[in-house]
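Chemist: need coordinates for the following:
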Amino acid sequence: MGIGTKFDSSALFMQLLKKIFLPLLFITTCITAKAADTTQLPVRIAVMLPLNLDSAFKGYQYNLSNTKISQYFLSGLEFYNGVMMAIDSLQKENANIEVWVYDMHKQNQSLQQLTTEMQALNFSLVIASFTTSAEQKTVSDFSAKNSIPVISATFPNDINLNNNPFFLMVNPTWKTHINALCNYLSKNYKGKKIILFTRKGSMEDRITNEIAKLNSKRAFNLSTVILSDNFSDTDVIAHLSNSSQNIIVCGSLLEGFGKDLIKILNDSGLTYASVLFGMPTWSGMSGITGTDSENLQIITTSPYN
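Modeler: Residues are numbered from 1 along each chain as shown. Have a look, this model is predicted:
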């Protein structure tokens, strides 16, 4: 586990991603690695990604900037590139496989409809890059019903997943991320005041209790503030200092809560300097780079050392 900071991609990298987007638009579903043994049916693998292609194109017209692509698209593209490299390696080994790539965020098609469509294809394995627990739950139910192994490659939350021996989570869970976060805080901010902004909710309670347990020896000075779901600028600023850097932890996996907190801290960043520690789900969330957070330092955990 590591700690990562936000970044802005270069213009050159944006041009490269634009070149990647266009071929993706012409992919219907299937990429086939040539089989070494044509007498046997290939192993059929489904890869489910948040490509958001309908948001990048209108028909065949590319809609995104020539100099910048939002983090909203990057996580799906990066995963797709990794999949293509893996396919290339397997082809060199003459692997007998057939890989189908699905955009989980295709417009006018729910994930439930997509899994129903996939059922007739008799997949041997599903590899998925989820962005929400609802997506993960839908595909987990699909795998349990059809006895198909599913590998969750990115999403750190295991909530609502029970009694499914076909579901494998290969990435660190939220507890591992919280442990890395607390280790970083105790090492770099020992003795300093740290504010945990959270909300009422079962998952939030679990996160708050885990942080409290890991901070049982009070390696850092933590105060917890529970905000309502429609909290205002004043609700946050009332707990900030304008004479020293504010060390803040977001204690909710809820994307809307995190985005609202980022906006308030960024808008007030010139008066109230802050460093914000985000949740592991922020790696694919829009708003953590560029002008939306230019007056704020954001630090998140990463599954990579």
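Chemist: which residues touch residue 111?
Modeler: 104, 135, 138, 139 (C-beta atoms under 8 Å, 6 or more residues apart in numbering). Bear in mind the C-beta positions are built from the backbone N, C-alpha and C, glycine included.
Chemist: quickly find the element holding the last one.
Modeler: So that's residue 139. Assigning secondary structure by DSSP states H and E places residue 139 in helix 133-146.
Chemist: might you calculate how far that helix sits from the centre of the chain?
Modeler: 17 Å (C-alpha atoms, centre = their mean, to the nearest Å).
Chemist: following that helix in sequence, what is the next regular element?
Modeler: Next along from helix 133-146, by DSSP H and E: strand 150-152.
Chemist: partners of that following strand, with directions?
Modeler: Note on strand 150-152: by DSSP bridges, its sheet partners are strand 125-128 (parallel), strand 167-169 (parallel).
Chemist: could you single out the nearest of the contacts of residue 111 to residue 302?
Modeler: Checking these against residue 302 by C-beta to C-beta gives residue 135 as the nearest, at 20.9 Å.
Chemist: what's the separation between that closest one and residue 115?
Modeler: 10 Å (C-beta to C-beta, to the nearest Å).
Chemist: ok, back up a step: and the helix holding residue 139, what does it pack against?
Modeler: helix 111-119, strand 125-128, strand 150-152, strand 167-169 (3 or more C-beta pairs under 8 Å, 6 or more residues apart in numbering; DSSP states H and E).
Chemist: please enumerate the strands of the stretch 1-150 of the chain.
Modeler: 2-5, 30-32, 43-49, 57-58, 61-62, 97-103, 125-128, 150-152 (DSSP state E, counting those that start in this stretch).
Chemist: the stretch 151-300 of the chain now?
Modeler: Going by DSSP E, counting those that start in this stretch, the stretch 151-300 of the chain shows strands at 167-169, 193-199, 221-227, 246-250, 274-277, 297-302.
Chemist: those strands into TSV, with extra columns for distance to residue 123, mean pLDDT and mean neighbour count?
Modeler: Formatted as TSV, the strands of the stretch 151-300 of the chain follow (distance: least, C-beta to C-beta, whole Å; pLDDT from 0 to 100; neighbours: other C-beta atoms under 10 Å):
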stretch	distance to residue 123	mean pLDDT	mean neighbour count
strand 167-169	14	89	18
strand 193-199	38	96	20
strand 221-227	43	94	15
strand 246-250	36	96	23
strand 274-277	38	95	22
strand 297-302	30	88	20
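Chemist: count of residues packed around residue 270?
Modeler: 8 (other C-beta atoms under 10 Å).
Chemist: that one against residue 295, yeah?
Modeler: Yes. Under the criterion of C-beta atoms under 8 Å, residue 270 makes contact with residue 295 at 5.8 Å.
Chemist: point out where this structure drops to low pLDDT.
Modeler: Within the chain, the ranges that satisfy pLDDT under 70 run 1-39, 53, 55-74, 284, 304-305.
Chemist: quick revisit: for the strands paired with strand 150-152, give me JSON lines that also has distance to residue 207.
Modeler: Shown next, in JSON lines, are these (distance: least, C-beta to C-beta, whole Å):
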{"stretch": "strand 125-128", "distance to residue 207": "24"}
{"stretch": "strand 167-169", "distance to residue 207": "18"}
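Chemist: please identify which of these is closest to residue 149.
Modeler: strand 125-128 (5.4 Å).
Chemist: and for that closest one, what are the contacting residues?
Modeler: Strand 125-128 is contacted from outside by 43, 45-49, 83, 104, 118, 135-136, 139, 142-143, 148-153, using C-beta under 8 Å, 6+ apart.
Chemist: next one: the closest residue to residue 246 other than its chain neighbours from residue 172, what distance?
Modeler: Once flanking residues are discounted, residue 246 sits nearest to residue 274: 4.2 Å by C-beta to C-beta, 6 or more residues apart in numbering. For residue 274, the distance to residue 172 equals 26 Å [C-beta to C-beta].
Chemist: likewise for residue 206?
Modeler: Residue 206 is 16 Å from residue 172, by C-beta to C-beta.
Chemist: next: residue 82.
Modeler: From residue 82 to residue 172 the distance is 17 Å (C-beta to C-beta).
Chemist: mind checking which of these two has more residues around it?
Modeler: residue 172 (18 against 13).
Chemist: got the strands of the stretch 151-300 of the chain as CSV, with distance to residue 210 columns?
Modeler: Putting the strands of the stretch 151-300 of the chain into CSV (distance: least, C-beta to C-beta, whole Å) gives the following:
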stretch, distance to residue 210
strand 167-169, 17
strand 193-199, 11
strand 221-227, 12
strand 246-250, 12
strand 274-277, 14
strand 297-302, 13
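Chemist: for residue 130, find the nearest of those strands.
Modeler: Judging the strands of the stretch 151-300 of the chain by C-beta to C-beta, what sits closest to residue 130 is strand 167-169, at 9.9 Å.
Chemist: thank you kindly, that will do.
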